[in-house]
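Asks: My questions concern the predicted model and sequence given below.
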Amino acid sequence: MNSERDLDSEDEIETKKVRYSSPACDRSSEKYPNEELRGLVKGVSANYLMNEENFLSTGCPHLDVILKGGFPNRGVTQIYGTAGTGKTQIALQLCLTVQLPISVGGYDAGAIYISTEGTFPSKRLQDLLRYSKLAAQFNITANNIFVERVIESSELEKCLLQRIPYLMACRKIGLLVLDSIAAPYRGEYSTTELKNRGKDLWNISRQLHTLARQYNLTVVCVNQVSAVVSPSKYEAIYVDERPALGIIWANMITNNFYLCRNDTHRYFHVMQSSYLGRSSIEYKITNSGVMGVA
């Protein structure tokens with residue numbers, strides 16, 4: 001893991017493993033004091049799940065309104081769009097807001113940023129830290145953002161299965177960003193290997209959902225786009241592009257947010273979500289981040 005902060009000693013890791021383990025991991029003893037009942041009942045109540053649901057603020061009140069609080073800590077949320085629409089900008093912005101106190105929409109935690117597109121966008125992060133009023137007000141730093149650089153799909157799978165859980169054991173993490181999911185898969189597989197690609201994508205998505213559930217993480221995947229040859233009449237109202245990687249990956253996504261640009265105007269579309277209806281808002285990219293236009 002790349003960060004300006006060193007990992008703790010083994011003793012500290014064991015202590016923090018207990019402290020930062022997900023509250024959803026094992027509360028059966030609280031709900032079912034009888035040992036026999038704990039062995040039979042594996043589910044949790046709807047009320048319990050509602051109480052565990054949190055939303056990570058984007059740092060922009062206008063965006064938070066249409067998202068009903070922000071990015072959820074349930075499932076996997078995808079941001080997709082063409083280059084230059086602000087996908088990475090939003091991902092970096094969330095790396096700052098996750099450090100905010102819970103009372104103002106943050107998680108009071110750090111972020112893990114998995115970069116597959118080559119160089120981590122450190123210059124953009126520095127600009128956000130320099131110009132963001134929230135960063136100055138709440139002393140947000142880059143020390144709480146942990147960066148992993150991966151290139152190949154096999155390396156990504158190893159990262160999610162081994163290195164991320166290790167870091168979760170010794171740091172308080174509230175956000176996991178994968179930027180982008182498409183990069184390791186678009187050029188690594190030939191036409192005859194597409195079946196293997198589907199299997200690998202399913203493994204990655206399953207692990208992302210597992211991490212989100214076990215640690216109450218907000219998981220955000222940045223994706224590229226593919227052209228739509230003949231969109232349906234309803235889709236044509238919104239877009240002529242779809243997220244890359246096909247139907248297998250699309251079926252594993254909980255929330256789909258699409259960013260597009262029309263001349264000088266940029267639009268944030270809620271395309272598909274487990275808790276939101278379709279909606280749109282215009283936004284602009286400033287030195288202090290992505291901001292919705294009222």
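Replies: All right, it came through fine.

Asks: and Leu201, how many residues sit next to it?
Replies: Residues lying near Leu201 (other CB atoms under 10 Å) number 20. The way it works is simple: take the backbone N, C-alpha and C, and place the C-beta from them, glycine included.

Asks: Could you list the buried residues of the host helix or strand of Pro184?
Replies: Here Pro184, judged by DSSP states H and E, is contained in helix 183-186. By neighbour count with 16 or more other CB atoms under 10 Å, helix 183-186 contains the buried residues Ala183, Pro184, Tyr185.

Asks: Can you get me a residue count around the residue nearest to the first one when sequence neighbours are not counted?
Replies: Leaving out its chain neighbours, the residue that sits closest to Ala183 by CB to CB, 6 or more residues apart in numbering is Thr116, at 4.1 Å. Other residues near Thr116 number 22, with proximity taken as other CB under 10 Å.

Asks: Point out where the stretch 51-200 of the chain drops to low pLDDT.
Replies: 51, 187-192, 194 (pLDDT under 70).

Asks: Please repeat the previous calculation with a cut-off of 80.
Replies: Along the stretch 51-200 of the chain, the parts satisfying pLDDT under 80 run over 51-52, 186-195.

Asks: In it, what residue spans correspond to helices?
Replies: Secondary structure of the stretch 51-200 of the chain by DSSP state H, counting those that start in this stretch: the helices cover 61-66, 87-97, 122-131, 133-137, 153-158, 164-170, 183-186, 194-215.

Asks: Packing partners of the fourth one?
Replies: This means helix 133-137. Packed against helix 133-137, as judged by 3 or more CB pairs under 8 Å, 6 or more residues apart in numbering; DSSP states H and E, are the following elements: helix 87-97.

Asks: between the helix it packs on and helix 122-131, how many degrees?
Replies: Using axes from the mean of the first three to the mean of the last three CA atoms, to 10 degrees, one finds that helix 87-97 and helix 122-131 are set 50 degrees apart in direction.

Asks: can you list contacts of helix 87-97?
Replies: Residues outside helix 87-97 that contact it (CB atoms under 8 Å, 6 or more residues apart in numbering): 56-59, 70-71, 79-81, 105-106, 111, 113, 121, 124-125, 128-129, 132, 134-135, 140, 145, 175, 177, 179-180, 218, 220, 222, 259, 285, 289-290.

Asks: Out of those residues, which end up buried?
Replies: Buried among the contacts of helix 87-97 (16+ other CB under 10 Å): 56-59, 70-71, 79-81, 105-106, 111, 113, 121, 125, 128-129, 132, 134-135, 140, 145, 175, 177, 179-180, 218, 220, 222, 259, 289-290.

Asks: From start to finish, how long is stretch 244-260 in a straight line?
Replies: 15 Å (CA to CA, to the nearest Å).

Asks: For it, buried residues please.
Replies: 244-245, 248-249, 252-260.

Asks: could you give the mean pLDDT of it?
Replies: Here stretch 244-260 scores 95 as its mean pLDDT.

Asks: Just to check, Gly292 is in contact with Tyr283?
Replies: Yes - assessed by CB atoms under 8 Å, Gly292 is found in contact with Tyr283 at 4.9 Å.

Asks: That concludes my questions; thank you for your assistance.
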